[in-house]
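Q: quick one, what's the 3D model for this:
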Amino acid sequence: MSIFKKVSKKLIKYNKTISFVESCTGGLLAYSLIKNKDVSPIISQSFITYSNKVKHKILKVKKQTLSKKGAVSKQCVKEMAKGLHNITNSDISISISGIAGPKGGSKNKPIGLVYFCILYNLKYHIFKLNLKGSREEIQKKSAKKVFKEINNLINSFM
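A: The predicted model follows:
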């Protein structure tokens, strides 16, 4: 059974809602759950906030965070998760931002750098990934890692 199906079954079993705000994965996280049956009760909402303007306007990510730390930073994904939670009040709020390539990387923030945050019970669990591969491979590897960490979190609280 895929990690995506495992997580969907556990969320259904424990009646936990989840929401996503995605940048580099462009909806892949939400789709990874939505493609499974019987998930309507657990999926609260999903946003794709690709631009910094939208991250600020919708999620209330501070302009200072975006200008000083950048959209691909632990501070940004933390603020994204907080903003998402304020909008959806989901049990679990997930945010992700990264550089999937093939362009856009730099020495300090190379292609394959991804941050994501899982907010549960007002606790922020922030992860940093350094992935290799094509744009699509980086997106798929990111999604798989996010769901592995969601699964670990569910196992720890249930």
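Q: please count neighbours and contacts with C-alpha atoms only from this point.
A: Fine.
Q: which other helices and strands contact the lengthiest helix in the chain?
A: Longest helix in the chain by number of residues, with DSSP state H as the criterion: helix 135-157. Secondary structure elements in contact with helix 135-157, counted by 3 or more C-alpha pairs under 8 Å, 6 or more residues apart in numbering; DSSP states H and E, are helix 3-13, helix 28-34, strand 113-120.
Q: quick one: closest of those to I42.
A: helix 3-13 (6.4 Å; C-alpha to C-alpha).
Q: the inter-axis angle of that closest one versus helix 135-157?
A: Counting by axes from the mean of the first three to the mean of the last three C-alpha atoms, to 10 degrees, helix 3-13 lies at 40 degrees to helix 135-157.
Q: L153: neighbour count?
A: For L153, the count of nearby residues is 15 (other C-alpha atoms under 10 Å).
Q: same check, this time on G98
A: 29.
Q: thinking again about what came up before, return the most buried member of the helices and strands packed on helix 135-157.
A: For those, the largest average neighbour count (mean count of other C-alpha atoms under 10 Å) is found in strand 113-120, namely a mean of 25.
Q: mean confidence score for that one?
A: Confidence for strand 113-120, expressed as mean pLDDT, is 98.
Q: ditto for stretch 94-106
A: Mean per-residue pLDDT for stretch 94-106: 95.
Q: got the contact list for that stretch?
A: Stretch 94-106 is contacted from outside by 18-25, 71-73, 77-78, 80-81, 84, 109-119, 134-136, 138-139, using C-alpha atoms under 8 Å, 6 or more residues apart in numbering.
Q: span of it from start to end?
A: Taking C-alpha to C-alpha, to the nearest Å, stretch 94-106 runs 25 Å from one end to the other.
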